[in-house]
Each structure stands twice: as C-alpha cells, then as structure tokens.
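Undergrad: Structure of the sequence below:
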Amino acid sequence: MHKGLILKNKAIISILLCSFALSSLEIRTPGDINNDGVVNILDVIELVNIILDDSAYLNEADLNSDGIINIVDVIATVNIVLYDTEPNENAFGSNQSFDLLTWNIENFPKNNNTIDELTDIIPDLEVDVIALQEIESTQSLESLKENLGNNWVFYRSDDDSNYGTLSYLINLNEVQINQAPYTILSQYDYQFAWRRPYVLDITHNNTNYIIINIHYKCCDGSENRRLQASEALESYISSYLSNDKVIVLGDFNDLLIDQFNVFDPFLDEPNNYYFTDIEIASGSPAYWSFPGWPSHLDHILITNELFDFSYDTQTLLIDEVFFPNNQSYYDFYISDHRPVGIRFQN
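TA: Numbering: from 1, shown residues only. Prediction:
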C-alpha cells in the first residue's frame, strides 16, 4: 500500500478501532493475526500495525486472498469480530473481484440429483458468471436458476434444442448485462460442430467485458475442424472486437501444448492473445480439467486489453472438495469436466 493512502486511511482505521469492544470468537485461522487461537480486537490492532509499518505479507491477514493486505482486510476482520462471519473456504470469487467460470456440465442434467447437487455447490463458489456447455434442457436450467435465487438469471443459446448447447448462469448482484447473449459465426457451423460461439456483453465495477463461450468439436480426427474454428474466431475478434476486453472460455477439446496445435491462430499472436491457464496445462495432472482421461481441455483466453489487469486462473477441484469420500460421485452426479475459473481484481 502507498504511504499516502495509508495516511488517508489512518483516521478511518482509528475510528474503527475505537468503535469495537473487546470480543472473541472460537478458533479459526483466517483473521487470527497474533496466532492466539481467537479472533478479536487484538487481531484488528495487529493487522493495522502490519499495514502502517508496511510489514511482510502474512497469509492470515489477507482475508480476501487477493495478495494485498489493506483496509479491506481490516474491515473483514472487524466483521468477524462483530458478526462471527467466518470466511467461506470454498469460495473462488469475492465481492472485490470479477469472477468467471467455464464449466462443461456433462449432458445436463445427467442425473436426477444433478440440480440439487449444483444448488448446494454454486452459491459456495461466489462467482459472477458461469459459461456452461452441454446444457440439454431449458426447463432444468430454469429450475437450477430458481433454486439459486432471484439474483440469478440464465440464458441458453437454443431454448428449443435437446442438443447440448452453450448457456450462461449470471449472478446480478455485481454485474450488469448490457445486451442479451447472441451467437456468431453461423457460416462456420460445421467447424464449431453446430455450437456457435455465444457472446455476452457485461459490465462489472464500471468495466465492460465481452465474454465468448465456446465448445469445440471433440475427439481425434477433428483437429482440422478445431483449427479452422480457431482461425474463424481469431478473425472475428480482430475484425469486430479489436479494442474490447475479450474473454474466450469454454471446452476447447484440445491441448494447449501439442505438436499439431489447433490454437496456433492465437499462439502465433502473443502480443494480442494469452491463454491464462497455460501454467495449468504445463503443470501437474492433478489440476487438469478432465481428470477421467487426464488431460486439460478447458481453457481461458484473454485479449491484450486485459494484459495489465491483475488476475489469476485456477481449476476448481469440485470433485475433491465437495465429494471427498468418493470423488467418482462428482462424475456420476455432475460432470466429467471440472470448472476452470478466472478472477480479475478490482
């Protein structure tokens, strides 16, 4: 934090400290700055001293996990003291970031319990937008939306189709939809396996984003179709969205690291495009998005208008976190793909 900002916040922090009586909570790690087993006013004081002294980073002090210790973390700690609000350890997003997922929910709904399972999982993730693939039922997607609450809306690229289509679930608490989603590149239906890219124009915290949800053709033997889909998509972006903050995400059905690379139209333009999950693709199979046949097939691509933003990308290990006793239940009830997420810090 810059010294000038520290001085401006010092008065606010002092008021906060004077406003709270000594209080304690049960043992929990986040917020327990002095490591005495409780979260109370002493931790707030310690946290303020960390900020004012510009001390070394401390994980317990970074309550929103944004890599920065500042006034936001002071407020979060104060809220724990006052309201006993323990941080959600399963959350990927937060109200300090713009949070998106791509999630191929296989043959949705693939099981009678799929909707109920997702109703329990999605609120815990605390995300703003979920780009979905393989959604086979508008009625089932509407039921999931109703379970999630009035702050959620959904869109499906073809409401009348029984085919696994592209869709969106959107949490309106922090975002504004500027235009209903629309499909593009209909002249390339064969290359995209009749799943036309699905475009969403959205605003978060006064920043406009263009999101393109895709699902490339699967399987060996279709590499040329996937390559042609990449060529068509790159041409569209460079022609019509050259100054926009574009995020392309979805089930690309191919590897980022490959001898014959279907993503060359993007990889050959490193000044214009970047796959934010490239480190996942080149890393441990434990974090790949398609665990059943270990491979990483779900990707997130951004354009250079977003290069200077602060962001991070993760594979969400839903199978391990929500089904710890039998991870095969995740595949049985929900999908053979894990979601991959990106969050942009405000």
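Undergrad: need the helices for the stretch 201-346 of the chain, in chain order.
TA: Here the stretch 201-346 of the chain has its helices, by DSSP state H, counting those that start in this stretch, at 223-240, 264-267, 278-281, 318-322, 328-333.
Undergrad: can you put those in CSV and add distance to residue 61?
TA: Placement of C-beta: from N, CA and C, glycine included. Converted to CSV, the helices of the stretch 201-346 of the chain look like this (distance: least, CB to CB, whole Å):
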stretch, distance to residue 61
helix 223-240, 40
helix 264-267, 38
helix 278-281, 26
helix 318-322, 24
helix 328-333, 33
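Undergrad: is it possible to export those to CSV including mean neighbour count and mean pLDDT?
TA: Listed next are the helices of the stretch 201-346 of the chain as CSV, based on neighbours: other CB atoms under 10 Å; pLDDT from 0 to 100:
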stretch, mean neighbour count, mean pLDDT
helix 223-240, 18, 98
helix 264-267, 18, 98
helix 278-281, 17, 98
helix 318-322, 18, 97
helix 328-333, 16, 97
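Undergrad: Compare those helices and report which one is nearest to residue 211.
TA: helix 223-240 (12.1 Å; CB to CB).
Undergrad: gap between the closest one and the chain center?
TA: 24 Å (CA atoms, centre = their mean, to the nearest Å).
Undergrad: Could you do stretch 201-213 as well?
TA: Centre to centre, stretch against its chain (CA atoms, centre = their mean), the figure for stretch 201-213 is 13 Å.
Undergrad: repeat for stretch 177-196
TA: The answer for stretch 177-196 is 22 Å, by CA atoms, centre = their mean.
Undergrad: Same check on stretch 177-197?
TA: Centre-to-centre, stretch 177-197 and its host chain are 22 Å apart (CA atoms, centre = their mean).
Undergrad: And it, what's buried?
TA: For stretch 177-197, burial by neighbour count (16 or more other CB atoms under 10 Å) applies to 177, 181, 183, 184, 185, 188, 191, 192, 193, 195, 196, 197.
Undergrad: how far does it stretch from start to finish?
TA: By CA to CA, to the nearest Å, the extent of stretch 177-197 from end to end equals 18 Å.
Undergrad: which other residues reach it?
TA: 133, 153, 155, 157, 163-166, 168, 170, 198-203, 208, 212-218, 225-226, 228-229, 232-233, 236, 248 (CB atoms under 8 Å, 6 or more residues apart in numbering).
Undergrad: change it to 7 Å
TA: Applying CB atoms under 7 Å, 6 or more residues apart in numbering, the contact partners of stretch 177-197 are 155, 157, 165-166, 168, 170, 198-203, 212-215, 217, 225, 228-229, 232-233, 236.
Undergrad: Not counting its neighbours along the chain, what's nearest residue 292?
TA: Excluding the flanking residues, the one nearest residue 292 by CB to CB, 6 or more residues apart in numbering is residue 336, at 5.1 Å.
Undergrad: Tally up the residues packed near that neighbour, please.
TA: Using other CB atoms under 10 Å, residue 336 has 19 other residues around it.
Undergrad: repeat for the one 10 residues further on
TA: By the measure other CB under 10 Å, the count of residues near residue 346 is 16.
Undergrad: From residue 183, how far off is residue 203?
TA: 21 Å (CB to CB, to the nearest Å).
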